[in-house]
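1. model the following, please.
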Amino acid sequence: MELDFERCYRAVDSRDQRFDGWFYTGVTSTGIYCRPSCPAMTPKRQNVRFFPSAAAAQGAGLRACRRCRPDAAPGSPLWDVRADVVGRAMRLIADGVVDRDGVPGLAARLGYTERHLHRMLRAEMGAGPLALARAQRAQTARTLIETTALGMAEIAFAAGFGSVRQFNDTVREVYGVAPSELRTALGRCPAPGGAGTITLRLAYRPPLHARALLDFLALRALPGVEEVRDGTYRRGLRLPHGAGEAALTPADGHVAATLRLTDMRDLAPAVARCRRLLDLDADPTAVDGTLADDPALAAVVAAEPGIRLPRAVDGFEMAVRAIVGQQVSVASARTT
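-> I've put the predicted structure just below:
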């Protein structure tokens, strides 16, 4: 993936939040990497490198900035919409396929050899599938450290690490501190809610037309499976290691998510599916700009910016909805 230095540097210099997740800024003089909107002083040109993924920055020996938390940035819209092999691979990695089935399982799902898949991901993302999955495991581990009272050994295996030692080494390398120090330094207490409950923020690029999303989901909600009440969307989830529940509440700059999981190993898949459901990795400014070029749509787009494309948390469910919905009204489809 080619990153134009001048365009990237201008985005960093202006602290443009729209580019968070599109690329990552590595600062060689400090040994850290940041999101483009990091509020820290703009680094000198000669000390800057740009990376297409957090995994690529970590592979260059850089650790995540503790101020802007680049690993928590919205995902790149590019991989969210592309239907080619790399786009599909990124979505499967986010869903935890490498943690569950390894690189051979990922390659088999995509219909390519491991060697060719590694070559394509290296060319586009600057890192192979194992490094990309490792970066995701580190982010999952940090979320569990910050939001649960689980012991470090439990967190290590829930995040997908093969051993506690591997977990400790990765967290030290990515965040610059030991896991226990990361929890202590933040001074945070786990959110109440009981065992298996995690509360976290899902970042997005503004604007977000939350009412349109909730109205769409409420109209199609299946009783016993999902509901929209008091500005919160709730639904059951079928995850790789068991059942779960999600409660999603749009807020200013993020969506508050409360996840109840049977198995903590399902945290990353649950987050990925909730983000995809609400289209949180989209670039709404670019979408609105393109649609507004059509005179027939310009007024509507200006009146209601930030409308997203609601998706689904389950592929089979979406297929059934699509087939049934083609034959009858929305209300009749819900009943069926």
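2. could you measure from the nearest residue to Cys8 once chain neighbours are set aside over to Thr336?
-> Spatial nearest neighbour of Cys8, excluding adjacent residues (Cβ to Cβ, 6 or more residues apart in numbering): Phe50 at 4.6 Å. Yep, even glycine has a C-beta here, placed from its N, CA and C like the rest. Using Cβ to Cβ, to the nearest Å, one gets 50 Å for the distance from Phe50 to Thr336.
3. chain center to the biggest strand by length in the chain, what's the gap?
-> Counting by DSSP state E, the longest strand found in the chain is strand 242-251. Offset of strand 242-251 from its chain centre (Cα atoms, centre = their mean, to the nearest Å): 14 Å.
4. now do the buried residues in it.
-> Gly244, Glu245, Ala246, Ala247, Leu248, Thr249, Pro250 (16 or more other Cβ atoms under 10 Å).
5. hmm, who's touching that strand?
-> Identification of contacts with strand 242-251 by Cβ atoms under 8 Å, 6 or more residues apart in numbering yields 202, 208, 210, 213-214, 231-238, 255-263, 266, 270, 274, 277-278, 313.
6. parallel or antiparallel, list what pairs with it.
-> strand 232-239 (antiparallel), strand 254-261 (antiparallel) (DSSP bridges).
7. among these, which is nearest Glu2?
-> Among those, the nearest to Glu2 by Cβ to Cβ is strand 254-261 (30.8 Å).
8. what about this protein, any weak spots by pLDDT?
-> 1, 185-195 (pLDDT under 70).
9. leaving out chain neighbours, which residue sits closest to Gln139?
-> Asp71 (4.5 Å).
10. residues contacting the one you found?
-> Ala54, Ala64, Ala135, Ala138, Gln139, Arg142, Val174.
11. put the alpha carbons of the helix ranked longest in the chain into CSV.
-> Using DSSP state H to define each element, the chain has its longest helix at helix 129-147. Only the C-alpha atoms of helix 129-147 are listed here, as CSV (Å, rounded to 0.1, in the frame of the first residue of the first chain):
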residue,chain,number,x,y,z
PRO,A,129,-1.4,-12.5,9.0
LEU,A,130,0.4,-13.6,12.2
ALA,A,131,1.6,-10.0,12.9
LEU,A,132,-1.9,-8.6,12.2
ALA,A,133,-3.5,-11.1,14.5
ARG,A,134,-0.9,-10.4,17.1
ALA,A,135,-1.7,-6.7,17.0
GLN,A,136,-5.3,-7.5,17.5
ARG,A,137,-4.6,-9.8,20.4
ALA,A,138,-2.6,-7.0,22.1
GLN,A,139,-5.6,-4.6,21.8
THR,A,140,-8.0,-7.3,23.1
ALA,A,141,-5.6,-7.9,26.0
ARG,A,142,-5.5,-4.2,26.8
THR,A,143,-9.3,-4.0,26.8
LEU,A,144,-9.6,-6.9,29.2
ILE,A,145,-6.9,-5.5,31.5
GLU,A,146,-8.7,-2.1,31.7
THR,A,147,-12.3,-3.3,31.9
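12. now the helices for the stretch 151-300 of the chain?
-> 152-158, 164-175, 179-186, 210-219, 267-277, 284-292, 295-303 (DSSP state H, counting those that start in this stretch).
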